[in-house]
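Asks: Next comes the sequence, and after it the predicted model I'd like to discuss.
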Amino acid sequence: MNLFEKIRWNAAYRWRLLRFRLWGREITCAACGQPAGRVIVSLRAGTLRLEGLEQSHVIVDFASRETLRFRHADASECRKSQPPARG
């Protein structure tokens, strides 16, 4: 990777971070209430796109006709599925 490619990749990465900070919505797990990630929701040509969940392990389903429900796919990330800490 030459210098120009590194600069272009860095600029694209920074633009993506800025977009998620400005326009992204934080989603929370329906089971435990902990943050599960940030997404940008778009609807194009009848297709619902959730940009930003590419690296997250999240299960998405419809809670109703107008509502999406997000849950952690990995039980170790969800606080509700973990036993209470003993101290």
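Replies: Sure thing, it's come through.

Asks: quick one, what contacts residue 73?
Replies: Counting by CB atoms under 8 Å, 6 or more residues apart in numbering, residue 73 touches 57, 58, 59. C-beta: built from backbone N, CA, C; applies to glycine.

Asks: strand partners of the helix or strand hosting the last one, parallel vs antiparallel please.
Replies: Right, the one you point to is residue 59. Counting by DSSP states H and E, the element that carries residue 59 is strand 58-62. Partners of strand 58-62 in the sheet, by DSSP bridges, are strand 68-72 (antiparallel).

Asks: And the partner strand, what's buried?
Replies: By neighbour count on 16 or more other CB atoms under 10 Å, the buried set for strand 68-72 is 70, 71, 72.

Asks: could you give the mean pLDDT of that strand?
Replies: Averaged across strand 68-72, the pLDDT comes to 87.

Asks: Equivalent analysis for stretch 76-85, please.
Replies: 64.

Asks: Use 241 as the first number for this chain going forward.
Replies: Yes, from this point I'll number from 241; that puts the last item at stretch 316-325.

Asks: ok, now which ones touch the residue sitting nearest the centre point of the chain?
Replies: For the chain, the residue sitting closest to the mean C-alpha position, by CA atoms, centre = their mean, is residue 277 at 3.4 Å. Residue 277 sits next to 266, 267, 292, 293, 296, 298 when contact means CB under 8 Å, 6+ apart.

Asks: All set, thanks.
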